[in-house]
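**Student:** need a structure here:
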Amino acid sequence: MPHPIPAFSRRSFCASSMAATFSPLFSGIGQARPWAGPAAVRKVYVAVHKPTWPKPGVDIEATRAEIDSKLGEIERRHPELIKFMGGELVHTMDDAAAYVKSLDQAATDAHLVITITSGSDGMVKAIGSIGLPTLLFVRPYAGHAWGSFSEFAQAGNKADVLASSDYDDLDVYARIFYTIHAMRKSKILIVVPGPRPSKQAEEFSRQFGTAFRYIEYADLKAAYDRIGEDAARKEADRYAAAALRIMEPSREQIYRGTRFYLGVKELLERESANGITIDCLGGINRGEMPGYPCISFSRLDDEGLFGVCQADLGCTMTELLLTSFTGKPGFLFNVVIDTSRNEIIQSHCTAPTSMRGIGAPPEPYILRSHLETSAGAAVQVLMPIGEAMTVARFLEPKRLATFSAEAIANVTSDEGCRTQLRTRVKNARKILNGFKGIVHRVSYYGDYADAIEKMGRLMAFEVIEEG
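**Tutor:** Residues are numbered from 1 along each chain as shown. Purely as a prediction, here's the structure:
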């Protein structure tokens, strides 16, 4: 039976152990970091030559200049997220066709289309129809294209509408544009036995632009061997000293797990990749893994990179989506449902420690063995409690399942996995009855339901509320 773990304050943890120091977002992978942004967003203004709405005498150039100034403020507020390009003024369908023909789509992550007058519906749709994610920003009275473009978005195109007088409402889209860029420019390594490539990887690549490369278990061993023993032992000792305590694993097992982490990180740099997912249990059982990957996955996630268990592409892409948006690592877990308490236990043998944000101070962690094999070095993280969480998973490239939860207690148990977090959900029975896919999900601290809906429209995937 799971038992609650007493809460530890960050102050007492840091005072009782050497504070772990992790790299900031996306650092540590040389200079080749194309996923790190900012997003290249092409802005386009649309207005007819002789407007009647919002009024016949509207000064189109003055209006464009005013809007441009406001967009400049957003760019200056979020220089790491967004860079606006262009600013063309489209008056006619011929102008729209010429603009589309001249566009360098490879160098453009998304469109921001701003209408100034009515009569712009066809031009807006022509720009959105080329397939780039397109946000239509409509201020009150600035035409009626929002109606037809909302219908265009509902048809499954990569499109959304923001109808607002408040330019600050564009802030969330700055982060979404950055997410689109990060997914387009990311490269994920996949380690699995047997035939490749997978149809699922090809579909994710078509949907989001993400690159995938298959490598061998022998490549993991070679990366492990390239790491000097002295450097690996020194880092293992530092990492172990920062733990709240060490239970089952020996110094040698912690060393092997740390050396594996250093090897994988070097391999990512060598491949100009920012993520890896491994059929780890299969590799361990076949004796093809040079070390347990649990420490590696925890530490990569803390650094804004991606280490994902069990060659789970759905969760890999979920992490790529939501870590890019939130700036926080996600906790990939096995779902354990208890309908009698309306709870879900999030359970896994690895977890990030910087759950509040990439580079944030770590939560307390305990070094354990991997529970299912009673060997190796794994990580038990004592998660923050009393906070809202967002849980999600790509069931397939065009469908993402999500639900909300509240973290209520860390627990320990000799059943399940090492990190176990009890969470309260709105309707555990609904989640159980409608559950789809394998039992992995990814959780993030914070409420991102509205942002996920916006991302779904702009990136053309269906959002399914599970519970």
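
**Student:** low-confidence ranges, this structure, go.
**Tutor:** 1-32 (pLDDT under 70).

**Student:** 50 - rerun?
**Tutor:** Counting by pLDDT under 50, the low-confidence segments of the chain come to 1, 3, 5-30.

**Student:** in it, where's the longest helix?
**Tutor:** Across the chain, the longest stretch assigned as helix under DSSP state H is helix 251-271.

**Student:** buried residues, it. List them.
**Tutor:** Residues of helix 251-271 classed as buried: 253-269, 271 (neighbour count, 16 or more other CB atoms under 10 Å). Using the backbone N, CA and C atoms, a C-beta is placed for each residue, glycine as well.

**Student:** thought residue 84 was touching residue 70?
**Tutor:** No - distance between residue 84 and residue 70: 11.1 Å, which falls outside the contact criterion (CB atoms under 8 Å).

**Student:** which one of these two is surrounded by more residues?
**Tutor:** Residue environment comparison for residue 84 versus residue 70 gives the larger neighbour count to residue 84, 19 against 13, counting by other CB atoms under 10 Å.

**Student:** which residues does that one bridge with?
**Tutor:** Bridge pairing for residue 84 (DSSP bridges) gives the partners residue 41.

**Student:** for the longest helix of the chain, packing partners?
**Tutor:** Using 3 or more CB pairs under 8 Å, 6 or more residues apart in numbering; DSSP states H and E as the contact criterion, the secondary-structure elements in contact with helix 251-271 are strand 187-191, strand 211-215, helix 217-226, helix 229-241, strand 275-278, helix 294-302, strand 375-381.

**Student:** can you do 6 Å?
**Tutor:** Judged by 3 or more CB pairs under 6 Å, 6 or more residues apart in numbering; DSSP states H and E, helix 251-271 is in contact with helix 217-226, helix 229-241, helix 294-302, strand 375-381.

**Student:** which one of those is the most hemmed in?
**Tutor:** Greatest average neighbour count among these goes to helix 294-302 (a mean of 27), per mean count of other CB atoms under 10 Å.

**Student:** on contacts alone, who are the packing partners of whatever helix or strand comes next after that one?
**Tutor:** Tracing the chain C-terminally past helix 294-302 and defining elements by DSSP states H and E, one meets strand 306-308 next. If you count contacts as 3+ CB pairs under 6 Å, 6+ apart, strand 306-308 packs onto strand 275-278, helix 294-302, helix 313-326.

**Student:** off-centre distance for strand 306-308?
**Tutor:** 11 Å (CA atoms, centre = their mean, to the nearest Å).

**Student:** so residue 437 touches residue 394, yeah?
**Tutor:** No - using CB atoms under 6 Å as the test, residue 437 is too far from residue 394 to be in contact (8.9 Å).

**Student:** just the residues contacting the longest helix of the chain, thanks.
**Tutor:** For helix 251-271, the external contacting residues (CB atoms under 6 Å, 6 or more residues apart in numbering) are 29-30, 223-224, 227, 232-233, 235-236, 239-240, 291-293, 295-296, 299, 376-377.
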